[in-house]
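A.B. asks: need the 3D shape of this:
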Amino acid sequence: MTACGGGGDDEPDLTPEEERLLALAGSSGTEWTATSITFEGGPANGFENFSLTLFGSDPNATLTYNATDGDPLFASSGTWAFNGTNINQIILDENTGNVFSISNFDAETTPATMTLTVNFSANGGVANGVTGTDGLYVFELVAE
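C.D. replies: Sure thing, here's the model as predicted:
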């Protein structure tokens, strides 16, 4: 008798996109809170109680988020997606003009950590018409 396969694990391997989605949003949502937020290299104002909760378990379905104290960069709720096949970038509310880059992502630490960076432009979206919001934001985040 000959045995096929080697593991006995019938679960298919996750794609890199599925792995990143699970790491970012968990199975039922993950809340990310800020340890530091800077704007143009200095402390950012108005984000004192910032949190971003990412939801979604299927990269082919609509992914959603909730944000607290994220105005004018984040609506209180909306949709998010990877920037095409780039799992190190996300887009909120289909606003391709403001791509958020993920760096220093470490899902192995407890709590998980990441840096979210955007060179924000207020053209359209939540911040349309809000002056003084254009520039580089860096969010140092930890998973709760």
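A.B. asks: gap between the one residue sitting closest to the centre of the chain and residue 13?
C.D. replies: With distances taken as Cα atoms, centre = their mean, the residue of the chain nearest its centroid is residue 90 (6.0 Å). Distance of residue 90 to residue 13, computed by Cβ to Cβ, to the nearest Å: 23 Å. All C-beta atoms are positioned from the backbone trio N, CA, C, and that covers glycine.
A.B. asks: next: residue 83.
C.D. replies: Taking Cβ to Cβ, one finds residue 83 at 23 Å from residue 13.
A.B. asks: give me the more crowded residue out of those two.
C.D. replies: Looking at residue 83 and residue 13 with other Cβ atoms under 10 Å, you find the greater number of neighbours at residue 83, namely 15 against 7.
A.B. asks: which residues touch that one?
C.D. replies: Taking Cβ atoms under 8 Å, 6 or more residues apart in numbering, we find residue 83 in contact with 89-91, 96, 99.
A.B. asks: on that earlier part again, partners of whatever helix or strand the residue nearest to the centre of the chain lives in, with directions?
C.D. replies: If you go by DSSP states H and E, residue 90 is part of strand 86-92. Here strand 86-92 is paired, per DSSP bridges, with strand 77-83 (antiparallel), strand 99-106 (antiparallel).
A.B. asks: where in the protein is pLDDT low?
C.D. replies: Applying pLDDT under 70 to the chain flags residues 1-10, 124-132.
A.B. asks: ranges for the helices of it?
C.D. replies: Shown for the chain, the helices assigned by DSSP state H span residues 16-25.
A.B. asks: in the sheet, which residues pair with residue 30? Tell me.
C.D. replies: The partner residues for residue 30, given DSSP bridges, come to residue 54.
A.B. asks: what do you get for residue 86?
C.D. replies: residue 83.
A.B. asks: that one: neighbour count?
C.D. replies: Count around residue 86 with other Cβ under 10 Å applied: 13.
A.B. asks: also residue 99?
C.D. replies: The burial count for residue 99: 15, using other Cβ under 10 Å.
A.B. asks: ok, it - contacts?
C.D. replies: Listed by Cβ under 8 Å, 6+ apart, the contact partners of residue 99 are 83, 89-91, 118.
A.B. asks: let's have these in CSV, adding distance to residue 64.
C.D. replies: Below are these laid out as CSV (distance: Cβ to Cβ, whole Å):
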residue, distance to residue 64
83, 17
89, 18
90, 12
91, 13
118, 19
